[in-house]
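Student: Here is a sequence together with a model predicted from it:
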Amino acid sequence: MSLIIVMMLMGVFFIYIGGFYFITQDEVYPFGTDPKTGEREVILNERHHQYVFEGIAVGILMYNGAGGMYLIHHSTNYAYRPAQVTMFLLIGIGLVIFALGLIVFMFIVKEEILEELLKKLRS
């Protein structure tokens, strides 16, 4: 039974990281280099493309968020133990906020919104 669950979780992770995207692409790069500076970059600045590292990072973050949602749900089993309910809720909410915050930050970096905002603030 546990082998089936592990295989299901691996399949979901494969989908989360964009595994089908990587299979269908001709060339897949784990990292890239910035054409302007030549420095290594891990987030591709194109909405419809990604590096392998970027997909894996977002997949791990989505798993953290899903784990947080599970802890929030699991806290309902301890209605008569307020300390455990509070602990599960705080950890769960923290994981969800952490995952969502980093995914949104990665999207902001990907879309170069942060650079445009900083340029406007400097001028």
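Tutor: Nice, I can see it. Residues are numbered from 1 along each chain as shown.
Student: In this protein, which helix is the longest?
Tutor: Longest helix of the chain, by residue count under DSSP state H: helix 82-110.
Student: helices and strands around that one, which ones?
Tutor: helix 52-74 (3 or more C-beta pairs under 8 Å, 6 or more residues apart in numbering; DSSP states H and E). Heads up, the C-betas are built off the backbone N, CA and C, glycines and all.
Student: ok, back up a step: ok, and what's touching the helix or strand following the longest helix of the chain?
Tutor: The first helix or strand that comes after helix 82-110 along the chain, using DSSP states H and E, is helix 113-122. Identification of contacts with helix 113-122 by C-beta atoms under 8 Å, 6 or more residues apart in numbering yields I108.
Student: what angle separates helix 113-122 from helix 82-110?
Tutor: If you take axes from the mean of the first three to the mean of the last three C-alpha atoms, to 10 degrees, helix 113-122 sits at 70 degrees to helix 82-110.
Student: Which secondary structure state does the residue in the chain sticking out farthest from the centre sit in?
Tutor: Distance from the centre of the chain peaks at Y80, with 33.9 Å (C-alpha atoms, centre = their mean). Look at Y80: counting by DSSP: H, G, I helix; E, B strand; the rest coil, its state is coil.
Student: Identify the residues contacting it.
Tutor: So Y80 contacts nothing (C-beta under 8 Å, 6+ apart).
Student: what about it, distance to Q25?
Tutor: 53 Å (C-beta to C-beta, to the nearest Å).
Student: same check, this time on I60
Tutor: On the measure of C-beta to C-beta, I60 and Q25 end up 21 Å apart.
Student: Looking at these two now, which is surrounded by more residues?
Tutor: Ranked by neighbour count (other C-beta atoms under 10 Å), I60 and Q25 place I60 first, with 15 against 12.
Student: Tell me the pLDDT of the more buried one.
Tutor: Note on I60: pLDDT of 93.
Student: Where does H49 sit, in terms of helix or strand?
Tutor: Of the helices and strands defined by DSSP H and E, none includes H49.
Student: tally of neighbours for it?
Tutor: Other residues within reach of H49, judged by other C-beta under 10 Å, total 15.
Student: all numbers from here: first residue = 276
Tutor: Fine by me, first position is 276 from now on; the one you just mentioned is H324.
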